[in-house]
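Enquirer: what's the 3D shape of this:
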Amino acid sequence: MRGDVLEMRSEHTLFRSDFAQFRTDVTHRLDALAHRLEALAQRLEALHHRMEDIENTLDANSEHIREMRIELRSQYNDILTALQGGLQNTTALSDLTERVEALERRAGM
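Expert: Numbering: from 1, shown residues only. Prediction:
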């Protein structure tokens with residue numbers, strides 16, 4: 001009986017030793033996991049800042065495109081106005097040329 005108690009004590013001691021080793025391994029793995037999570041959190045934070053930078057750049061580019069579209073429309077309208085004025089001037093010149101030719105014919109020139 002005493003041998004059984006000693007054997008149980010020995011097994012208990014081995015179990016406590018194994019459990020302590022297991023606990024140490026778990027603690028190391030949890031520490032490693034915590035470091036990985038911290039590194040991941042830093043990477044995610046960096047990605048978040050980069051995405052904010054990209055969004056700000058996109059917003060600025062969008063605003064610039066909007067301004068350029070307004071400027072382009074204004075220039076397009078100026079060109080159309082100039083073409084209309086040129087066409088009116090060509091028509092007026094043609095009319096004046098016909099009148100001058102008619103006057104020259106009447107005057108016998």
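Enquirer: which intervals of the protein have sub-threshold pLDDT?
Expert: 2-3, 5-6, 109 (pLDDT under 70).
Enquirer: That one: helices as residue ranges?
Expert: 2-107 (DSSP state H).
Enquirer: Residue nearest the middle of it, spatially speaking?
Expert: Nearest to the geometric centre of the chain sits Ile54, at 3.7 Å (Cα atoms, centre = their mean).
Enquirer: who are the neighbours in contact with that residue?
Expert: Contacts here follow Cβ atoms under 8 Å, 6 or more residues apart in numbering; on that basis Ile54 touches nothing. To be clear about C-beta, it is placed using only N, CA and C from the backbone, and glycine gets the same treatment.
Enquirer: repeat for Asp78
Expert: By Cβ under 8 Å, 6+ apart, the contact list for Asp78 is empty.
Enquirer: so how far is Ser10 from it?
Expert: 101 Å (Cβ to Cβ, to the nearest Å).
Enquirer: Could you do Glu55 as well?
Expert: In terms of Cβ to Cβ, Glu55 sits 66 Å off from Ser10.
Enquirer: same question, Ser74
Expert: In terms of Cβ to Cβ, Ser74 sits 95 Å off from Ser10.
Enquirer: Ala92 now?
Expert: Taking Cβ to Cβ, one finds Ala92 at 121 Å from Ser10.
Enquirer: Please apply the same query to Leu58.
Expert: Distance from Leu58 to Ser10, by Cβ to Cβ: 71 Å.
Enquirer: before we move on, what about Asn89?
Expert: 116 Å.
Enquirer: For Ala39, grab the count of nearby residues.
Expert: Ala39: 10 surrounding residues under other Cβ atoms under 10 Å.
Enquirer: That one: what's it in contact with?
Expert: For Ala39, no contacting residues are found, by Cβ under 8 Å, 6+ apart.
Enquirer: how many other residues sit next to Phe19?
Expert: 10.
Enquirer: ok, now which ones touch it?
Expert: By Cβ under 8 Å, 6+ apart, Phe19 has no neighbours at all.
Enquirer: separation between it and Leu30?
Expert: Taking Cβ to Cβ, one finds Phe19 at 16 Å from Leu30.
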